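1. could you work out the structure for the sequence below:
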Amino acid sequence: MNQETAKKLVQEGGLFIFLNVPEGTEFGIDMKSWNTGEKFRGVKMIPPGVHYIFYSATSNTGDIAPRTGFFHNFRKSEILVKKWDSQLEDISQEEVSQEEIVRLKDNIKALDGFLGPYPFDILDKWNNLCGNINDDLIKILTPLSGKVRSALELQSCSNADRPKGVKKNPNDAETSSGSSPKKSRLSNDTEHNFLPDLKPIEGTELRLTEFPKKNYPDGATPSEITKHSLDSTYVLDMMVSKLSDPVNIIGELEFCYICFLVGHSLEAFEHWKKLFSLFCSCESGIKKYRKLYDLFFSDISIQIKEIPEEFLADIVANKNFVYVKLKNLFNVIKSSDLDGQLKMKVERFQKELTDTYYWDFQHLESDEEDEAPVIVEI
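-> The predicted model follows:
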């Protein structure tokens, strides 16, 4: 970074001041993390825009707590101040007073030596990962608690609310002697009833866009249900209709990916997989949502490169759903009448995946056609 850029960021960059953080705490911003030292007080020269700040408490024995983080859209020269709560081992729930923020700002020169510079080597990659995330989307998707946690906080029903005894199977018949029916063995459903009813504590779960309960409209005929099962454009229509801007579904894809990649949230990863699979299953929707698909391919080409090796290996072990879904989508686009610009973009992406991961998208198409379901008009 040249001196002119550095000088500009000193003047216009944001500051994240993090007070009373114990030494050794894992702390990070965007895609870089460190263990804090004795003098750590935060980060300076943060480029204006969306960033993800995260941390994990660390014990004296080196045990690391689950990761917690949050998104924040830094304005030019903005100062964001947070304090550590030693009892909660988390950010304090009390807001820092405006008077204290002003005092810190007036003494910023004295504090400068305790602030680490933003890691600019990851800025371009970061901007590509979150280019469609905005303030409104952050407010909509972030848990009411304001924090994204890698380990969901769960609560169970009280012991008094749990079912007691053995449920009688209504299908059991009386014996020939007229005696009462025998108690049946517990069914899987009954066994499930004896497990605690765990659910996220209210306000801690991600507020992601819900998928429709059915992938076809009310009143659909059997043949229409089959068509909607093969082409999920109806589901994409329903998802987009819930958003103020269709592009927000791409922003949600990015939001979930970052919560997974940086925030270690499996809840977000599961939603990312569902959105990814949806985009790969909308044959008639590709042309209808051409702009979204252009953004989708830009995002996925970056995201796949950043998927941790252990997760990529898991994907391969599970028949590589990323590869299978993309292969189907590539085949649909290849045979479609889409414009040449998008087709060229897809071809470049396909070649890049083949060169990098040796994924073969050219073969086995005939086998898939043989196994494809047949739509029967009734």
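2. return the backbone torsion pair for the closest residue to residue 265 other than its chain neighbours.
-> Counting by Cβ to Cβ, 6 or more residues apart in numbering, the nearest residue to residue 265 once its immediate chain neighbours are dropped is residue 259, at 4.4 Å. (Each C-beta comes from the backbone N, C-alpha and C, glycine too.) Backbone torsions of residue 259, given as degrees, to the nearest 10, read phi -60, psi -30.
3. which residues does residue 259 contact?
-> Counting by Cβ atoms under 8 Å, 6 or more residues apart in numbering, residue 259 makes contact with 69, 148, 206, 265, 267, 268.
4. change it to 6 Å
-> By Cβ atoms under 6 Å, 6 or more residues apart in numbering, the residues touching residue 259 are 148, 265, 268.
5. which one of the residues you listed sits in the busiest neighbourhood?
-> Of all the contacts of residue 259, the highest neighbour tally under other Cβ atoms under 10 Å goes to residue 148, namely 28 neighbours.
6. you'd agree that one is up against residue 69?
-> Yes: Residue 148 is within contact range of residue 69, at 5.2 Å (criterion: Cβ atoms under 6 Å).
7. which neighbours do the two share?
-> Both residue 148 and residue 69 are in contact with residue 263, where contact means Cβ under 6 Å, 6+ apart.
8. which element is the residue minimising distance to the centre of the chain on?
-> Ranked by distance to the mean C-alpha position of the chain (Cα atoms, centre = their mean), the top residue is residue 256 at 1.7 Å. If you go by DSSP states H and E, residue 256 is part of helix 248-261.
9. returning to what we had before: contact partners for the residue nearest to the centre of the chain?
-> If you count contacts by Cβ under 6 Å, 6+ apart, residue 256 has them with 268, 271, 272.
10. next: residue 297.
-> Applying Cβ under 6 Å, 6+ apart, we find residue 297 in contact with 345, 349.
11. what's the answer for the one 5 residues further on, then?
-> Listed by Cβ under 6 Å, 6+ apart, the contact set of residue 302 reads residue 128.
12. how near is it to residue 131?
-> Applying Cβ to Cβ, to the nearest Å, the value for residue 302 to residue 131 is 9 Å.
13. tell me where the model's unsure across the stretch 1-150 of the chain.
-> Low-confidence segments of the stretch 1-150 of the chain, defined by pLDDT under 70: 1.
14. now do the helices in it.
-> In the stretch 1-150 of the chain, the segments counted as helices under DSSP state H, counting those that start in this stretch are 3-12, 98-106, 108-111, 123-129, 135-141.
15. closest one to residue 243 out of the contacts of residue 259, please.
-> Nearest to residue 243 among the contacts of residue 259 is residue 268, at 17.6 Å by Cβ to Cβ.
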